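Undergrad: from the sequence below, what's the structure:
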Amino acid sequence: MLTYAMSQRDEKTKYYYLYAAIKEDILLGTLKKNEKLPSKRSLAEHLGVSLITVETAYQMLKDEGYIESRERSGYFVTELIPVAKIKKEQKMLKLLKESEQNNDVMAEIESARDDGKNMFPESLYFKTVRSVLTEYGSKLMERSPNEGCTILRNAIAKYLLRYRGIFAQPEQIVIGSGAEHLYNAVVRLMGNDVIYGLENPSYSQIRKVYEGMGAKCEMLQMGIEGIKTEELQRTQAKVLHVTPFHSYPSGVTATVRKRQEYLEWAKQNQGIIVEDDFDSEFFMPGKPIDTLYMTDHTQSVIYINTFSKSLSPSIRIGYMILPEHLMERYKETMGEFSCTVPVLDQYVLAEFIERGHFEQHLNRVRRHRTK
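TA: From the prediction side, this is the model:
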């Protein structure tokens, strides 16, 4: 059946279908821990696909922590963290420790993160601005709804479903002027009388915003998979702010096991997770990895992302997706606050997304990074 299904898909989607099929078998227990997968060549021949299709699917599974490669033995369903991954992340954590006395190291890490930043399609964006001014005219002078313009919320919802596989109703999406504004909104929503657990190390502005709003923060030590288990067990936090993909500045991506642990923490402690997903659109290879929001079945995750990283720092537009049960509380606590993003900017970004320019830009940057 898998062989037939693979034959019906074009080359661009075969690797993702194979990745998803193997991933499902692992999650369902069909493939057990430490079970060996077929070699890349034998699986490619069996399915009638190219070797690079299998390589890409295996690499995605490896990057997400579902499988590991063992030298001269092949690929196995993960039970322990691969030694290569441990060495890589230990090296990064060592660099971070050294960076406390050496700002040059931090500058090097920051420089690496900005790869592709000068690829912003200025002419295409300005063309979109002119088109929006012509098409919408005086409508652009109307006041934005507090949660953001419907046209942008709809565009983001469709983009997330199409490109990321994230399903969210437009009504759950709130627009704000960048990540820091959204962190501010989280405290207004959740209150400053609860403890906020943050990754240690993490992006410094997160703590500054939370504490600036009067909230108490508890720094939770990072390990090679994400926040250490013992840290999660001891914390009194009710809100956990995490960056599961490529956390800054450690560079750690939380494994599948760790992401499940985060969700279990929220369930057991009746807590809320703030998922900061600022960098995952540039995941290589293939489709970005599953978010916590996608795998959450208890409505415990607030998802935050911005266009400052994916487009340009000058585009101060971000968004968060709220669980449905928090929407009423949001209206009560934030209902009187106006949207901080100008209507023109919202319409231009909506048009840029709807016409497919945003996804084309992402793909262009990702291709650039693989060279």
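Undergrad: residues contacting residue 168?
TA: 157, 160, 161, 293, 303, 321 (C-beta atoms under 8 Å, 6 or more residues apart in numbering). To be clear about C-beta, it is placed using only N, CA and C from the backbone, and glycine gets the same treatment.
Undergrad: if I look at it, how far off is residue 280?
TA: Here residue 168 is placed at a distance of 15 Å from residue 280 (C-beta to C-beta, to the nearest Å).
Undergrad: how about residue 225?
TA: Distance, residue 225 to residue 280, using C-beta to C-beta: 17 Å.
Undergrad: what about the strands in the stretch 251-371 of the chain?
TA: Assigned strands in the stretch 251-371 of the chain, in chain order: 272-276, 301-306, 318-321 (criterion: DSSP state E, counting those that start in this stretch).
Undergrad: whoops, I mixed them up, the stretch 51-200 of the chain
TA: 67-70, 74-77, 173-176, 195-200.
Undergrad: tell me which residues touch residue 128, please.
TA: Residue 128 neighbours (C-beta under 8 Å, 6+ apart): 348, 351, 352, 355, 357.
Undergrad: now list the buried members of these.
TA: 348, 351, 352, 357 (16 or more other C-beta atoms under 10 Å).
Undergrad: which residues touch the residue lying closest to residue 306 once chain neighbours are set aside?
TA: Closest residue to residue 306 apart from its sequence neighbours, by C-beta to C-beta, 6 or more residues apart in numbering: residue 318 at 3.4 Å. Counting by C-beta under 8 Å, 6+ apart, residue 318 touches 175, 176, 177, 178, 179, 181, 182, 304, 305, 306, 307, 308.
Undergrad: of these, closest to residue 230?
TA: Using C-beta to C-beta, residue 304 comes nearest to residue 230 of the contacts of residue 318, at 26.5 Å.
Undergrad: thinking again about what came up before, ok, so of the contacts of residue 318, who is nearest residue 260?
TA: Of the contacts of residue 318, the one sitting nearest to residue 260 (C-beta to C-beta) turns out to be residue 304, at 20.3 Å.
Undergrad: any idea how far residue 17 is from that closest one?
TA: Separation of residue 304 from residue 17 (C-beta to C-beta) stands at 30 Å.
Undergrad: those two - which one has more neighbours?
TA: In terms of neighbours (other C-beta atoms under 10 Å), residue 304 is the more surrounded of residue 304 and residue 17; the figures are 24 against 17.
Undergrad: assess the claim that the more buried one and residue 276 are in contact.
TA: Yes: taking contacts as C-beta atoms under 8 Å, residue 304 lies within contact range of residue 276: 5.3 Å.
Undergrad: what residues do these two have in common as contacts?
TA: Counting by C-beta under 8 Å, 6+ apart, the shared contacts of residue 304 and residue 276 are residue 179.
Undergrad: tell me which of the buried ones among the contacts of residue 128 fall in helices.
TA: Here DSSP state H is the test, and the buried ones among the contacts of residue 128 give 348, 351, 352, 357 as lying in helices.
Undergrad: could you pull out the helices for the stretch 51-200 of the chain?
TA: For the stretch 51-200 of the chain, the helices defined by DSSP state H, counting those that start in this stretch occupy 51-64, 83-98, 103-113, 122-136, 150-159, 179-190.
Undergrad: worst mean pLDDT among these?
TA: Among the helices of the stretch 51-200 of the chain, helix 103-113 carries the lowest mean pLDDT, a mean of 39.
Undergrad: one step back: any idea which of the buried ones among the contacts of residue 128 is closest to residue 267?
TA: Nearest to residue 267 among the buried ones among the contacts of residue 128: residue 352, at 37.9 Å, using C-beta to C-beta.
Undergrad: what's the nearest residue to residue 58 if we skip its chain neighbours?
TA: Once flanking residues are discounted, residue 58 sits nearest to residue 75: 5.8 Å by C-beta to C-beta, 6+ apart.
Undergrad: so that neighbour touches residue 68, yeah?
TA: Yes: contact criterion C-beta under 8 Å: residue 75 and residue 68 qualify, at 7.1 Å.
Undergrad: which of those two has more neighbours?
TA: Neighbours were counted for residue 75 and for residue 68 using other C-beta under 10 Å; residue 75 has more, 22 against 19.
Undergrad: how near is the more buried one to residue 56?
TA: Separation of residue 75 from residue 56 (C-beta to C-beta): 13 Å.
Undergrad: which residues are common contacts for these two?
TA: Counting by C-beta under 8 Å, 6+ apart, nothing touches both residue 75 and residue 56.
Undergrad: give me the pLDDT for residue 219.
TA: Predicted confidence (pLDDT) for residue 219: 97.
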